[in-house]
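J.: Mind folding the following:
(chains A and B)
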Protein chains: 2
Amino acid sequence: MNDFVTTLKTKTEEISEIVLKRLPKSDSFSAVIFEAMEYSVANGGKRLRPLMVKEVYEALGGKKEKEEKLLEPFMAAIEMIHSSSLVHDDLPEMDNDLLRRGKPTTHAVYGQAMGVLTGDGLLNLAYETAASALEAVADNHDDLKNAARALKILGTKAGIYGMIGGQVVDVVNTGKPLSDEEIDFIYIGKTAALIESSLMMGAVLAGADTDTVDKFERIGRCTGIAFQIRDDILDETSTDEELGKPVHSDEENNKTTYVTIHGLDESQKKVDELTKEAENLLTGLGLEDSFLAGLLKFLVTRTK
Amino acid sequence: MNDFVTTLKTKTEEISEIVLKRLPKSDSFSAVIFEAMEYSVANGGKRLRPLMVKEVYEALGGKKEKEEKLLEPFMAAIEMIHSSSLVHDDLPEMDNDLLRRGKPTTHAVYGQAMGVLTGDGLLNLAYETAASALEAVADNHDDLKNAARALKILGTKAGIYGMIGGQVVDVVNTGKPLSDEEIDFIYIGKTAALIESSLMMGAVLAGADTDTVDKFERIGRCTGIAFQIRDDILDETSTDEELGKPVHSDEENNKTTYVTIHGLDESQKKVDELTKEAENLLTGLGLEDSFLAGLLKFLVTRTK
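T.: Residues are numbered from 1 along each chain as shown, chains lettered A, B, ... in the order given. Model (predicted):
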């Protein structure tokens, strides 16, 4: 496990570089948004989503020489969309957070109006960046078709049928008790959708067939939900020191989670079931010993 | 001119239908955002941007049978981006507007958090919709290349180098006097960029060469700036009754405009110059008698 963590740390640094080099600089009148976008993305975590794009691509035999122009723009794009959603989530009218990973949030530094515009800028830049991949491979029909498929997946999973849809259900129900079905809907949208998208894009860009892409969608769904339930469990069972952030926050905020509905034992059982399903699918694809398999396992068994 | 206005009205209704039919319905937990997006787009004006996409496409001989799957998604996409920007512009932290075209703004009806999410949803849906065009023509390499070029243009003109960039400079300078160069930057971003994009996408989708696309970019730039200066002039010279909205708002808000810097005569001269340049370019393309030429003329000579 220690080896895994060391490798993950190295990979995270590599991915951060790939993502950050695709954030442009500017000395024009609008320079402040370029700065605010970089500030927002630089304060990243493990870069899990772009890492997943790359791991699947490589595991399925995607060509090394196509990574820079075909793969990397989509890695940057998914991280930009993720960052965009965090910037908007932190706004006063949403979660009203002034700190994220110990640093002032984007709107806390640049003001509320710039918080809105920075999120918009990052969301739009994600698609500009993805479009640059299409442009770069335009003369190869197969590559262009794969890039277009990846773009469609990115859009669908980020939008009203995915991440934004989950966010809506979370926001409009703030302070209200939630049904089991609503919790599912929120976890699938807010957490699983971008993980599904990352795995699927990696597969599509490597030229995988529909059946394989569908399997990665399911692996992403299982991993995303299990990851979120694990989060709920840790909020209940961990200490502030272990977790590095305040625990029992769900209870204090009267927040309905999988754990408040089903209890700890049932919740851990659900995590185990989902993990098993994802592992079986990976084994079916011959990827049981891959770094990807280790990564997904790590996400659902973490203790902080 | 009366004939022109009648034709424009008919065309606006046709375009509205094309755009609105690409806004999905939903009875899922997230139904409210589908409703809010439709509310935001339904309160549209003349649908100038999608109309321009179509007029250029047809003027350059774009094929009728490709309109539904190749052209219409981009028409819908540009209007979704325009609507998205209006929803976010109206937010309390931005212009804080409660009315638009006589109806309550999106955040006034659905709340501030939903205002943020509805704008995000529409911006993202624009790219999902454009991606659906790429999917629909994927087997034809030339069509796919053209659709990818259109997507790249859409992204570039909407983002930090275009519309959002202009919005940033406007927002961060609220209440401050602006230089001539800053005014130019704002007009190009906030008004011209999406007009440039509309004309360029129509050309690209019809299969036009780079030189023609560049000419349409310049026509869009001239028309956009002239349109905005004309707006400033009307704010100064019109009456509330003529304009259908409060005049002298720029003066009362201490807002720097082209007119406050250069005066009325100089401003009208600038409008005339830009109009002439756009007309000459259209004549060079053999389009001096097109509906498009009439439309661009109408925009810069309007009295309300």
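
J.: Do a quick rundown of the strands in chain A.
T.: Secondary structure of chain A (DSSP state E): strands at A:99-100, A:103-104.

J.: Run the chain-centre distance for the last one.
T.: The chain centroid and the centroid of strand A:103-104 are separated by 20 Å, computed with CA atoms, centre = their mean, to the nearest Å.

J.: which residues are there in the stretch 1-150 of chain A that come within reach of chain B?
T.: A:24, A:26, A:28-30, A:32-34, A:37, A:84, A:88, A:91, A:93-94, A:111-117, A:119-121, A:123-125, A:127-128, A:131-132, A:134-135, A:138, A:141, A:144-145, A:147-149 (CB under 8 Å from any CB of the partner chain). Just so you know, the C-beta spots here come from the backbone N, C-alpha and C atoms, and that holds for glycine as well.

J.: dump the residue contacts of A:E266.
T.: For A:E266, the contact set (CB atoms under 8 Å, 6 or more residues apart in numbering or on different chains) is empty.

J.: show me the contacts for A:A131.
T.: By CB under 8 Å, 6+ apart, the residues touching A:A131 are A:151, B:148, B:151-152, B:155.

J.: re the thing from before, buried members of the residues of the stretch 1-150 of chain A next to chain B into PyMOL, please.
T.: This is how PyMOL selects the buried members of the residues of the stretch 1-150 of chain A next to chain B, with burial counted by 16 or more other CB atoms under 10 Å in any protein chain shown:
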select buried, chain A and resi 29+30+32+33+34+37+84+88+91+93+94+111+112+113+114+115+116+117+119+120+121+123+124+125+127+128+131+132+134+135+138+141+144+145+147+148+149
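
J.: Could you list which of the residues of the stretch 1-150 of chain A next to chain B belong to helices?
T.: Among these, DSSP state H puts A:32-34, A:37, A:84, A:88, A:112-117, A:119-121, A:123-125, A:127-128, A:131-132, A:134-135, A:141, A:144-145, A:147-149 in helices.

J.: Out of the contacts of A:A131, which is nearest to A:I188?
T.: Distance to A:I188 across the contacts of A:A131 (CB to CB) is lowest for A:L151, with 21.3 Å.

J.: just checking, the closest one touches B:L134?
T.: Yes. Look at A:L151 against B:L134 with CB atoms under 8 Å: they come within range, at 6.8 Å.

J.: Next, show the common contact partners of those two.
T.: Common neighbours of A:L151 and B:L134 (CB under 8 Å, 6+ apart) are A:134, B:151.

J.: what about the closest residue to chain B within the stretch 201-304 of chain A, how many residues close to it?
T.: In the stretch 201-304 of chain A, the residue that lies nearest chain B is A:V204 (12.0 Å; CB to the nearest CB). When neighbours are defined as other CB atoms under 10 Å in any protein chain shown, A:V204 has 30 of them.

J.: likewise the one 3 residues further on?
T.: Residue crowding around A:G207 was assessed by other CB under 10 Å; the count is 17.

J.: Where does pLDDT dip in chain A?
T.: Counting by pLDDT under 70, chain A has low-confidence residues at A:1, A:243-244, A:252.

J.: Now render the strands of chain A as JSON lines, adding mean neighbour count.
T.: Below are the strands of chain A laid out as JSON lines (neighbours: other CB atoms under 10 Å in any protein chain shown):
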{"stretch": "strand A:99-100", "mean neighbour count": "14"}
{"stretch": "strand A:103-104", "mean neighbour count": "14"}
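
J.: could I get these as JSON lines with distance to A:E72?
T.: Compiled in JSON lines, the strands of chain A are given as follows (distance: least, CB to CB, whole Å):
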{"stretch": "strand A:99-100", "distance to A:E72": "25"}
{"stretch": "strand A:103-104", "distance to A:E72": "26"}
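
J.: and A:L98, what does it touch?
T.: Applying CB under 8 Å, 6+ apart to A:L98 gives the contacts A:90, A:104-105, A:108.

J.: And the residues you listed, which is closest to B:S249?
T.: A:A108 (31.9 Å).

J.: Can you tell me the closest non-neighbouring residue to the closest one?
T.: Of all residues not flanking A:A108 in the chain, A:L98 sits nearest, at 4.7 Å (CB to CB, 6 or more residues apart in numbering or on different chains).

J.: next one: A:V172
T.: Of all residues not flanking A:V172 in the chain, B:V32 sits nearest, at 5.9 Å (CB to CB, 6+ apart).

J.: got a list of what the one you found touches?
T.: B:V32 makes contact with A:168, A:172, B:110, B:114 under the criterion CB under 8 Å, 6+ apart.

J.: export these to a markdown table and tack on distance to A:L295?
T.: Output for the contacts of B:V32, formatted as a markdown table (distance: CB to CB, whole Å):
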| residue | distance to A:L295 |
| --- | --- |
| A:V168 | 29 |
| A:V172 | 33 |
| B:Y110 | 39 |
| B:M114 | 35 |
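
J.: how about those, which pair is most distant?
T.: A:V168 and B:Y110 (10.2 Å).

J.: Tell me which of the two has more neighbours.
T.: Legend: neighbour count by other CB under 10 Å for A:V168 and B:Y110, higher for A:V168 (29 against 21).

J.: And that one, how far from B:M114?
T.: Look at A:V168 and B:M114: by CB to CB, to the nearest Å, they are 7 Å apart.

J.: what residues do these two have in common as contacts?
T.: B:32-33.
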